[in-house]
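>>> sequence plus predicted model, see below.
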Amino acid sequence: MTLTRLLGGLALAAAIAGPAAAADTVKIGFITKFPVPFFASMEDAAKAYAAANPGVEITFGQGASATDIEGQIALIESMVTQGVQGIALTPVDPTVAAALDRAIASGVKVVLMDNNIPDWEGRTALATTDNYNAGKIAGAHLRTLLKDGDTLGILEGVPGVPSLDDRVNGMLEGLGDVKVEVVGRFATNCTEELGISGAEDLLTKNPDLKAIYAACGPPAAGAAQAIKNAGIANDAIVLVGFDFCCGEAEALAAGIEDATVAQFPTKMAELGVDALVKSIRGEKVSSLIDSGAALVTPDNMADFQ
């Protein structure tokens with residue numbers, strides 16, 4: 001038998017071997033967007049999953065910022081080069097889909113976490129908060145605190161990222177029939193610094209501003225700092241956030257932030273990794289896995305810490 005025929009036979013055997021057996025080690029990549037506590041919690045959960053499942057080996061990677069598209073693409077390509085069988089990631093932007101397509105073409109399965117890539121059909125599953133419904137939770141709470149004619153400022157995350165847009169659009173629907181006036185919308189890239197500057201601009205231009213909604217945790221904490229710096233009384237303005245992280249607990253305890261929407265990043269990561277491992281082993285998994293959300297207030301926040 002020639003070497004060429006031998007190698008061809010091995011390749012064919014590998015091709016027909018099918019999914020990894022339960023006893024085989026499964027090697028996956030786990031990629032998150034950028035360094036904030038939310039994604040640190042997800043990574044910790046993935047590490048705990050690997051520790052509890054000795055047959056799972058995970059390689060970790062993280063982008064530098066909420067807009068680090070090139071960094072995430074480089075991580076995807078690196079994971080493929082390292083021979084992972086699957087990648088679980090929180091996509092930083094829909095444009096990473098081309099890199100994921102190349103990964104899938106090489107035999108890698110992909111599970112998305114936290115947010116989807118619209119109209120992209122390559123994923124095996126999506127483990128996420130239903131961000132639109134979670135936004136509606138925030139809007140429904142605002143509805144109980146606002147009346148017709150009140151003014152609202154919005155601190156967006158990264159416009160164009162579907163999960164973050166859903167948080168805003170869901171909130172607006174959750175307001176129902178309360179006719180508020182949206183007096184400004186600022187992109188924050190989910191950073192505290194831009195949350196501070198956006199809130200300062202809103203407060204300066206609208207001295208009678210009644211409410212601020214922040215679609216991410218860091219800008220919610222930034223808005224709380226801006227409100228405090230401006231000397232505005234806690235009962236003079238409503239602040240509702242999203243994520244329950246990055247300084248929001250302190251803002252809630254101080255009475256500056258009225259409420260926020262908590263996701264469950266640990267559960268999201270566990271469900272995403274488990275779906276990826278099962279799919280690699282040939283098991284059927286749900287294409288959409290909802291990890292849930294809940295309203296957090298000063299009265300119940302101890303239950304979420």
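Now that the structure is in, tell me what you want to look at.
>>> in which helix or strand would I find Leu75?
In this structure, Leu75 sits in helix 69-81 according to DSSP states H and E.
>>> would you mark the buried spots in that helix?
69, 71-73, 75-76, 79-80 (16 or more other CB atoms under 10 Å). Using the backbone N, CA and C atoms, a C-beta is placed for each residue, glycine as well.
>>> a markdown table for these, including pLDDT?
Below are those laid out as a markdown table (pLDDT from 0 to 100):
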| residue | pLDDT |
| --- | --- |
| Ile69 | 96 |
| Gly71 | 97 |
| Gln72 | 97 |
| Ile73 | 98 |
| Leu75 | 98 |
| Ile76 | 98 |
| Met79 | 97 |
| Val80 | 98 |
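>>> just these now: which is nearest Gly184?
Ile69 (26.9 Å; CB to CB).
>>> how about the helices of this structure, start to end?
3-16, 37-52, 69-81, 97-105, 131-145, 162-174, 192-205, 217-229, 248-253, 265-280 (DSSP state H).
>>> tell me which of those approaches Leu295 most closely.
Nearest of the helices of the chain (CB to CB): helix 131-145, 5.3 Å.
>>> and the angle for that closest one with helix 162-174?
30 degrees (axes from the mean of the first three to the mean of the last three CA atoms, to 10 degrees).
>>> could I get the average pLDDT for helix 131-145?
Average pLDDT, helix 131-145: 97.
>>> which residues touch it?
Helix 131-145 is contacted from outside by 115, 152, 162-164, 166-176, 178, 180, 211, 213, 215, 238, 240, 242, 258-261, 263, 293-295, using CB atoms under 8 Å, 6 or more residues apart in numbering.
>>> one more time with 7 Å
163, 166-176, 178, 211, 213, 238, 240, 242, 258-259, 261, 293, 295 (CB atoms under 7 Å, 6 or more residues apart in numbering).
>>> what of stretch 37-46?
30, 32-33, 58, 60, 62, 90, 217, 243, 245-246, 265-266, 268-270, 273.
>>> and the residues you listed, which are buried?
Of the contacts of stretch 37-46, these count as buried by 16+ other CB under 10 Å: 30, 32-33, 58, 62, 90, 217, 243, 245-246, 265-266, 268-270, 273.
>>> which one of the helices of the chain lies nearest to Asp24?
Nearest to Asp24, of the helices of the chain and by CB to CB, is helix 265-280 at 9.0 Å.
>>> so the closest one versus helix 37-52, what angle?
Using the same axes, to 10 degrees: helix 265-280 against helix 37-52 is 50 degrees.
>>> tell me what helix 265-280 is packed against?
For helix 265-280, the elements it packs on are strand 26-32, helix 37-52, strand 86-89, strand 109-113, strand 125-128, judged by 3 or more CB pairs under 7 Å, 6 or more residues apart in numbering; DSSP states H and E.
>>> just checking: what are the partner strands of the first one?
Here the strand partners of strand 26-32, with direction, are listed using DSSP bridges: strand 56-62 (parallel), strand 86-89 (parallel).
>>> and that strand with helix 97-105, angle?
170 degrees.
>>> if we can go back for a sec, tell me the most buried of the strands paired with strand 26-32?
Highest mean neighbour count among the strands paired with strand 26-32 (mean count of other CB atoms under 10 Å): strand 86-89, with a mean of 27.
>>> how far out from the middle of the chain is that one?
Here strand 86-89 is found 14 Å from its chain centre; the criterion is CA atoms, centre = their mean, to the nearest Å.
>>> that strand - what's its average pLDDT?
Rounded mean pLDDT across strand 86-89 is 98.
>>> what's the distance between the residue lying closest to Gln305 once chain neighbours are set aside and Pro37?
Excluding the flanking residues, the one nearest Gln305 by CB to CB, 6 or more residues apart in numbering is Ala249, at 6.6 Å. To Pro37, Ala249 is 11 Å away according to CB to CB, to the nearest Å.
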